[in-house]
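Peer 1: let me see the structure of the following:
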Amino acid sequence: MIVARRILYTRHARQRMILRGISEREVNDALRKGIKRTQDGKIVVSYMYFEVVYVVRGEDVWVITVQFRW
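Peer 2: Coordinates of the predicted model:
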């Protein structure tokens, strides 16, 4: 669970969220409730119909991309 961290989004992540119709609220829910795994030094969280790829840098969570689950 991510607690009291600032969630930041790369430009790529914002573009993918718009393209796929996924809101910040849904991403926040995914970060709190989703199933997490690591992949290539990043954290991938699966939630509902999409996945969020992110890294933790200090106190910040950087969302790298948001993609549909296949």
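Peer 1: next up, phi/psi of the most centrally placed residue in the chain, please.
Peer 2: With distances taken as Cα atoms, centre = their mean, Val52 lies nearest the centre of the chain, 3.2 Å away. Main-chain torsions, Val52, degrees, to the nearest 10: phi -120, psi 130.
Peer 1: which helices and strands sit right next to the host helix or strand of Met17?
Peer 2: Secondary-structure element containing Met17, defined by DSSP states H and E: helix 11-20. Counting contacts by 3 or more Cβ pairs under 8 Å, 6 or more residues apart in numbering; DSSP states H and E, helix 11-20 packs against strand 60-68. C-betas here are computed from N, CA, C, even on glycine.
Peer 1: can you pull the contacts of Arg37?
Peer 2: Shown in contact with Arg37 (Cβ atoms under 8 Å, 6 or more residues apart in numbering): Ile43, Val44, Val45, Ser46.
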